[in-house]
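In: Dropping a prediction and its sequence here:
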Amino acid sequence: MKKTVLIIAMALLGGVLARGQEFSSRVAVSNIEFDIREGNLCIGMDMDFSRIQAEATEMRSYSLVIFDKDNYVILPVGKLLGRSWFYHYAREKRTNWPFTLDDHTWYWKKAPTPYRFEAEVPYREWMENANIRIDAEVGGCCGRPGREVTGAAIASAVLPVMAKPEPEPERPVFHPHFIYVLPPAETSVKQRDVSGEAYVVFASGKTAVDPSYKNNQAELDKIHATIDSVKADADVTITQVLLRGYSSPDGKHASNEKLAMLRTQAIKEYISTLDSLDEKVFVSEAVAENWEGLRKAVAESDIYGKDKILSIIDSDITPDAKEAKIKSAYPKQWAALSKDVFPLLRRTDYRVSYTLKSYTTTEDARNILRTAPEKLSINEFFLAAQGYEVGTWEFDDVFKIAARIYPDNDVVNINAANASMSLDNYTAAQAYLMRAGDSPVAAYTRGVCAALQEDWEKAMSYFASARDEGIEEAEDAYETVKQIFEFGK
């Protein structure tokens with residue numbers, strides 16, 4: 001069945017058409033009202049269908065149309081049935097009939113006068129420039145053709161404009177700026193050392209080294225092996241081998257002093273013959289009586305009279321007077337110390353000092369990073385990190401290794417914390433920041449870590465401290481975090 005569209009246009013003046021306006025379709029429209037409530041366009045009008053005479057085989061469907069050149073909304077109004085349609089429906093009373101007589105379907109002789117039409121549709125921005133018309137689709141039946149007519153809208157029909165709400169303020173966003181600290185340049189020569197202890201035993205009153213006596217061979221080998229391990233590295237130059245010998249506090253101090261010096265000299269001469277190093281590299285020192293070691297051993301023991309013995313050791317009397325006083329007041333304790341502790345006090349400390357090659361290219365620094373990172377200076381770790389993008393695991397790994405080699409360096413821990421935060425690893429960052437010292441940069445970095453975890457109050461405190469200490473980046477960071485904090489209130 002074809003349908004005919006009969007267009008009925010209306011003029012809207014000031015949003016309300018108070019007096020009736022009749023159209024060529026003989027529909028009278030009056031009291032047109034527009035309103036906008038809760039984002040919806042509300043339309044109301046009175047329609048008078050009393051002058052319309054529908055032919056017996058016609059069914060007229062009226063619609064209100066809101067439209068512009070690209071959009072439209074159709075709002076059904078009602079239907080008028082001709083005599084044949086009406087009686088056919090009344091006779092058959094078919095439940096599946098497409099149109100039922102309800103509040104919006106009328107027999108043309110009984111059309112409501114007036115009929116109050118009201119509708120509500122979501123308001124859209126395009127409606128600001130939309131027009132309005134009334135369409136009537138006239139359909140025939142029983143083989144009779146339908147008619148279709150499209151008319152123009154009234155130019156003065158203007159819908160109300162919905163006031164645009166104030167835009168919701170956007171929550172500020174914290175964008176971290178990481179400050180990586182370049183450490184002070186190391187001296188032109190990188191100084192390192194490795195040290196240890198050896199217990200070379202001498203026969204009573206003897207000063208000559210006897211490798212076959214007791215466990216001397218193994219102890220002497222420890223010193224020799226340390227020197228060899230350093231010397232074997234092509235990037236290393238040994239600058240000094242220091243040997244410091246200690247004797248125990250038993251016996252005359254003057255004799256012990258001489259004995260310690262001769263025995264240390266003997267160890268030096270023995271070790272120097274095993275290595276192809278300049279004799280000037282070897283240095284020997286002697287400590288006549290190892291009272292410091294004795295004090296440590298007594299303090300860590302549960303020996304009877306410990307506090308009194310410690311007070312004697314700490315007194316200002318001469319070494320020989322200390323020995324005599326302890327032996328007299330605590331003879332059993334002195335005997336026990338002589339047996340169990342004194343042999344451990346007769347030792348030789350050794351320290352091998354050396355210089356390391358400096359690495360001046362990123363490639364060299366990265367090669368050493370993979371094989372012997374302990375050779376790199378803090379600056380050379382920076383060199384190894386060059387070319388890696390911040391926020392990548394390669395970049396982070398360089399500073400993690402640096403923090404393992406230099407665990408107590410403030411600068412290293414600040415940089416390692418920054419690298420960890422760039423990968424959102426805040427647990428690791430906090431661990432590094434615990435060892436990052438109290439510098440203004442450390443305070444700023446702690447502020448960044450707190451802000452990234454949305455602890456805004458703590459972040460403000462750190463940023464304020466860093467700002468007051470002259471960190472320029474802290475000023476903007478503080479203001480941003482303050483805005484975020486106040487936004488959430």
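Out: Sure thing, it's come through.

In: Now do the lengthiest helix in the chain: distance to the chain's middle.
Out: The longest helix of the chain (DSSP state H) is helix 253-272. Between the centre of helix 253-272 and the centre of its chain there are 59 Å (CA atoms, centre = their mean, to the nearest Å).

In: Can I get it in PDB, CA atoms only?
Out: Only the C-alpha atoms of helix 253-272 are listed here, as PDB (Å, rounded to 0.1, in the frame of the first residue of the first chain):
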ATOM      1  CA  HIS A 253     105.300  -3.800  75.200                       C
ATOM      2  CA  ALA A 254     108.700  -2.800  74.000                       C
ATOM      3  CA  SER A 255     109.600  -6.400  73.100                       C
ATOM      4  CA  ASN A 256     106.200  -6.900  71.400                       C
ATOM      5  CA  GLU A 257     106.700  -3.700  69.400                       C
ATOM      6  CA  LYS A 258     110.100  -4.900  68.100                       C
ATOM      7  CA  LEU A 259     108.800  -8.400  67.500                       C
ATOM      8  CA  ALA A 260     105.800  -7.200  65.500                       C
ATOM      9  CA  MET A 261     107.900  -5.000  63.300                       C
ATOM     10  CA  LEU A 262     110.500  -7.800  62.600                       C
ATOM     11  CA  ARG A 263     107.800 -10.400  61.800                       C
ATOM     12  CA  THR A 264     105.900  -8.000  59.500                       C
ATOM     13  CA  GLN A 265     109.100  -7.200  57.700                       C
ATOM     14  CA  ALA A 266     109.800 -10.900  57.300                       C
ATOM     15  CA  ILE A 267     106.400 -11.500  55.800                       C
ATOM     16  CA  LYS A 268     106.900  -8.600  53.400                       C
ATOM     17  CA  GLU A 269     110.200 -10.000  52.200                       C
ATOM     18  CA  TYR A 270     108.800 -13.400  51.800                       C
ATOM     19  CA  ILE A 271     105.800 -12.200  49.700                       C
ATOM     20  CA  SER A 272     107.800  -9.800  47.600                       C
END
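
In: check contacts around residue 387.
Out: residue 362 (CB atoms under 8 Å, 6 or more residues apart in numbering). Quick note: C-beta positions are derived from backbone N, CA and C, even for glycine.

In: Next one: it from residue 417, what distance?
Out: Residue 387 is 21 Å from residue 417, where distance means CB to CB, to the nearest Å.

In: how about residue 117, what does it touch?
Out: 43-47, 64, 77-78.

In: and what of residue 404?
Out: Residue 404 makes contacts with residue 373, as judged by CB under 8 Å, 6+ apart.

In: Where does it sit: helix, strand or coil?
Out: helix (DSSP: H, G, I helix; E, B strand; the rest coil).

In: Tell me how many other residues surround residue 269.
Out: Residues lying near residue 269 (other CB atoms under 10 Å) number 14.

In: So it versus residue 393, what's the distance?
Out: For residue 269, the distance to residue 393 - CB to CB - is 53 Å.

In: just residue 440 next, same as before
Out: For residue 440, the distance to residue 393 - CB to CB - is 29 Å.

In: Compare these two and say which is more crowded by neighbours.
Out: residue 440 (16 against 10).

In: Output the lowest mean pLDDT helix or strand found in this protein.
Out: None of the helices or strands of the chain scores lower by mean pLDDT, DSSP states H and E than strand 3-9, at a mean of 37.

In: still on that earlier bit, out of the contacts of residue 117, which end up buried?
Out: Among these, those that count as buried by neighbour count (16 or more other CB atoms under 10 Å) are 43, 45-47, 64, 77-78.

In: Among these, which one sits closest to residue 212?
Out: residue 43 (116.0 Å; CB to CB).

In: Could you say which helix or strand holds that closest one?
Out: strand 40-48 (DSSP states H and E).

In: Show me what whatever helix or strand comes next after that strand is packed against.
Out: Later in the chain than strand 40-48, the nearest helix or strand by DSSP H and E is strand 59-67. For strand 59-67, the contact count by 3 or more CB pairs under 8 Å, 6 or more residues apart in numbering; DSSP states H and E identifies strand 40-48, strand 72-81, strand 115-122, strand 131-139 as packing neighbours.

In: Would you give the sheet partners of the shortest one, along with the direction of each?
Out: What it means is strand 115-122. strand 40-48 (antiparallel) (DSSP bridges).

In: same deal with the second one?
Out: With DSSP bridges as the test, strand 72-81 is paired with strand 59-67 (antiparallel), strand 105-107 (parallel).

In: Let me see the residues that make contact with it.
Out: In contact with strand 72-81 (CB under 8 Å, 6+ apart) are residues 43, 47, 49, 52, 54, 58-67, 89, 99, 101, 104-108, 111, 115, 117, 119, 121, 134-135.

In: Using PDB, write out every CA atom in that strand.
Out: The C-alpha trace of strand 72-81 is given here as PDB (Å, rounded to 0.1, in the frame of the first residue of the first chain):
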ATOM      1  CA  TYR A  72      14.900  14.600  11.800                       C
ATOM      2  CA  VAL A  73      12.700  13.300  14.500                       C
ATOM      3  CA  ILE A  74       9.200  12.100  13.800                       C
ATOM      4  CA  LEU A  75       6.600  12.200  16.600                       C
ATOM      5  CA  PRO A  76       3.300  10.400  16.000                       C
ATOM      6  CA  VAL A  77       0.200  12.500  16.600                       C
ATOM      7  CA  GLY A  78      -2.900  10.300  15.700                       C
ATOM      8  CA  LYS A  79      -4.900   8.600  13.000                       C
ATOM      9  CA  LEU A  80      -8.300   9.400  11.400                       C
ATOM     10  CA  LEU A  81     -10.200   6.400   9.900                       C
END
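
In: what's the spacing between that strand and its chain's center?
Out: 59 Å.

In: orientation of it relative to strand 131-139 in degrees?
Out: Here strand 72-81 runs at an angle of 40 degrees relative to strand 131-139 (axes from the mean of the first three to the mean of the last three CA atoms, to 10 degrees).

In: Now strand 72-81: buried residues?
Out: Residues 73, 75, 77-81 are the ones in strand 72-81 that count as buried (16+ other CB under 10 Å).

In: pLDDT averaged over stretch 178-198 - what is it?
Out: For stretch 178-198, mean pLDDT rounds to 81.

In: start to end distance for that stretch?
Out: One end of stretch 178-198 sits 47 Å from the other (CA to CA, to the nearest Å).

In: taking the mean pLDDT, what do you get for the one helix or strand residue 332 maps to?
Out: Using DSSP H and E, residue 332 falls within helix 331-340. Average pLDDT, helix 331-340: 94.
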